[in-house]
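In: all I have is the shape, not the residue letters:
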């Protein structure tokens, strides 16, 4: 240097120093080189770090780790555009990381920009994002993003997922999850996490805090029951002794609110163990027991509560109520009184005095009500209770004093005056009472009852005039019967006769009940003058007093007046009272009502029950006999007669039923004797005379019966007047009806009609009898329905006839088991039901002298009809039949009978020889015939099969037929089919031909006399060798009417026969004798065998006694027949006639020998020649 003291300058930088320096730098660089990582952010988030990172990424764009750190750094800095650019350049590498940063970037951008659509999209993507492969830090970022996007539940889920991994951050994540679940309003999920944290807590305080948080979480989730269960679980396990100082009461109330009283009880018990001196715990236990309805626990806890703390009014009130509920009213009353000392409670005071009176603690009850009366006016109920308490306590004088004092304050309370008067009445202080009544009457208008009490007091004080003035009020027609009785008694006392009479008249006008002494006189008076009023009086007395004497008289009067409805009501009332239920008059009335209802078994049971108690009661025996007569129970009647007939000789009440019973059993002689015995004692008894006339008629003495009935009618002329008794009117009506004058009986009943049920019943029976007399049974159904709608009775005969007339199968089946039905109707029912075999067996077995004459005759007719239809026996006959130039003759054997219950079989076999100039007998030879018929009985008809065989040397014939018959009432329909059957159209058809066809036959019974029958058929005709002859249709129609059913039977008939045949025109050369046939002619045509048309109208008459020639003889001694008919054949324009006659003679018991013959002026196909029949037969039946 210029001014340096050195003589010479020294250089500062030498070359070797430069080399050393370079070497040192290189060494340092080698030692400190860390590649490009040195330029990474190293946890710093500043612009310099971001810039270095971008330079490094530009140098190495494939470095995914560097790119992800850069993107994350830019996102954190909020440089979303630069981050978006680097994301867009992201190629390859970790795709999950790219989607992660893309989601985080979009979410941050949406929140910063507050773009709702973007936020919603980010929320959706976040909710669906797959967390697989994300680091905890990335998951934490997603949780933060979820919070930023308003998805705390998603953030909680993410923290909960991270909490599943054990580590130092596990609890932090659990707390975060719980916190964000609470923020997401999912407290139940938060509570579950707090439960886990409580279990993991190592300190008691930590466990308590977390448990309390869990408990509160369940409560926030409206799961109070779960919260309570959790708390009880913790306390039961000993994990915690409490969840907090102020928690006990809330926990008990929470469990109660959840209706988990069991948990509330356990919580309260834990509370008491934790804090034994806590009044709040006792109070909670008390409240809980009350809420749960556990009154026993509440009662004991309440007593403890009262001992440990000063009593409160509310607690005393609750204990009073508990005492009443627990059945400890004495303690309850003590609590009520103590409560009322602390609080003014009108409702509690009301309960207290009521309870005091229930406990008969009249002292406290009077004190309580007295205190109430001092402050206000008592209600009527309270006033009554107080007065009653005084009376029960035995202090009526104190009650009088109290009432008088009370009336000074509350004189407007009417009941107080009434109770004061009653107090004086009960104490018999008549003068004080008499003095009080005017004060009472001065303030209020007295009732009739009060005036009566006032008058009675004055009367007892011997002041009848003043009493009369008190009673003399108006209007009189509205006063009570008791008033009239008192007024009548006072009037009698004052000798005011008009007043006495008017009082009793007013009593009767009001329907009042008279005293027994009064009523006994009135009933006897009215029995003749007004029996209906007498009955009403007795019924009212019975119902009022329950005196069985009134009941007995009422039942007798009801029976006399036929007031059955009232009798039923009286019987029902009597059965409800033990004192009258078993009375004999009640038993008889019950039996009579059962008879009227058709319940004969019940009536018999009742009568026998009474007879078991009084075995020798003649009235009961008579009732039983009449019952058996009405029920037509002949078996029981015969047994009763054997048992009682001896004793009945001296018992007049039994003579009439004995006569009726013998008459029903067809013991007419004995019946007349019993009726005679009764009439000797009571010769004017019209009912007995009428029964005697019936017995005369039943014994066959019709003339004597008619004379007696005529005398009875003359005697009963009085019955035609309106004053006649009902019984005489009834007998008169019956006699007029039986005498053939039902119209006159109806006219008389119409005059007498008074609106009563009994007269309507008489008119109804006469109307049905008149319909029978004019043969108008078809109209009876409407009348029967009319009568039933009005509760009228019809005889059993009418019901039986209705069932038969309408063919009601249920009603018919019921007839078979009804003991009232006689054998004739039983047979008719079996026939209508299609059981002909049983019907015939019943008819035959029931015939006998023990049956009534009318039934016996009907059974006989039914038996005859059955035997004519289904004969049973064997018959041998020889006969000749002339078809008009062609005769057949030969013997025949017939056998028929029932097999079992449902099968009827008949076989007819014979040998026939032909006699005709047209036929060669040597070719035909003898013909053997066999006809076998089997019939199966069905419920509504029958099914029959017929086998028909003919054996002859030229040609044989075998045929079959089948038929089905339906029967419904009096109508029958039958349909059948035949094949190769015998043809009887002409004589030549009988010898040479056969027929097949189908047919329909029917008959309709319009009445028992009138019947219409018809038949239509379609037939095919051919020779025995099978040569076609033709086909045709046939129609038969006949109407018949029975003029007389017997003595003899006379039947008129008329009808029409029409037949149209289509002839085939086939040559019949095979029938000629020249060709080996049997016809001795040069030629034979089909019209010689079968006419083309037949048309005939006819009338006929048949007179017969039985039917000669049947297998079964159906008349005794002899039978005969005369049958004639004549008609016009419009095809031949000619008249023709026929006559048949026969006679049968009884031989060897039931066997019959008969001869029959017939003549026809012009048989069909007879070429104008006459024809006829002649037969001799011998028959013998099977069975009766």
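Out: Now that the structure is in, tell me what you want to look at. Computed from a prediction, not measured in an experiment: that's the story for all the values here.
In: in a helix, residue 598, correct?
Out: No - counting by DSSP: H, G, I helix; E, B strand; the rest coil, one finds residue 598 to be coil, located in no helix.
In: my read: residue 871 touches residue 1111, true?
Out: Yes - with contact defined as C-beta atoms under 8 Å, residue 871 reaches residue 1111; the gap is 3.6 Å. For every residue, glycine as well, the C-beta is placed using N, CA and C.
In: pull up the overlap in contacts between those two.
Out: Counting by C-beta atoms under 8 Å, 6 or more residues apart in numbering, the residues touching both residue 871 and residue 1111 are 896, 1181.
In: so where do the helices sit in the stretch 801-950 of the chain?
Out: Per DSSP state H, counting those that start in this stretch, the stretch 801-950 of the chain carries helices over the ranges 809-816, 823-832, 836-846, 853-869, 921-924.
In: out of the ones you listed, nearest to residue 666?
Out: Distance to residue 666, taken as C-beta to C-beta, is lowest for helix 853-869 among those, at 7.5 Å.
In: okay, angle between that closest one and helix 836-846 too, please.
Out: With axes from the mean of the first three to the mean of the last three C-alpha atoms, to 10 degrees applied, the angle from helix 853-869 to helix 836-846 works out at 140 degrees.
In: any idea of the mean pLDDT in helix 853-869?
Out: Averaged over helix 853-869, pLDDT sits at 72.
In: and that helix, what's buried?
Out: Residues of helix 853-869 classed as buried by neighbour count (16 or more other C-beta atoms under 10 Å): 855, 856, 858, 859, 860, 862, 863, 864, 865, 866, 867.
In: cool, stretch 999-1011 as well?
Out: By neighbour count with 16+ other C-beta under 10 Å, stretch 999-1011 contains the buried residues 999, 1001, 1002, 1003, 1011.
In: ok, and what's touching stretch 929-943?
Out: For stretch 929-943, contacts defined as C-beta under 8 Å, 6+ apart pick out 833-837, 901-912, 944-951, 962-968, 972, 974, 982.
In: repeat the analysis, applying 7 Å as the threshold.
Out: If you take C-beta atoms under 7 Å, 6 or more residues apart in numbering as the criterion, stretch 929-943 is touched by 833-837, 902-910, 912, 944-950, 964-968.
In: what about the stretch 351-500 of the chain, any weak spots by pLDDT?
Out: For the stretch 351-500 of the chain, the stretches with pLDDT under 70 are 474-478, 492, 495, 497-500.
In: and the helices in it?
Out: Under DSSP H, counting those that start in this stretch, the stretch 351-500 of the chain gives helices at 362-375, 380-393, 396-409, 414-426, 430-443, 448-460, 464-471, 481-493, 497-509.
In: okay, domains of the chain per the record?
Out: As given by automatic domain parsing, the domain ranges for the chain are 702-794, 870-1181.
In: which one of the ones you listed lies nearest to residue 667?
Out: Closest among the domains of the chain, using C-beta to C-beta: domain 702-794, at 16.9 Å.
In: contacts for the helix or strand hosting residue 571?
Out: Per DSSP states H and E, residue 571 falls inside helix 564-575. If you take C-beta under 7 Å, 6+ apart as the criterion, helix 564-575 is touched by 539, 551, 554-555, 558-559, 580-581, 583, 586, 589-590, 593, 596.
In: sweet, I'm off.
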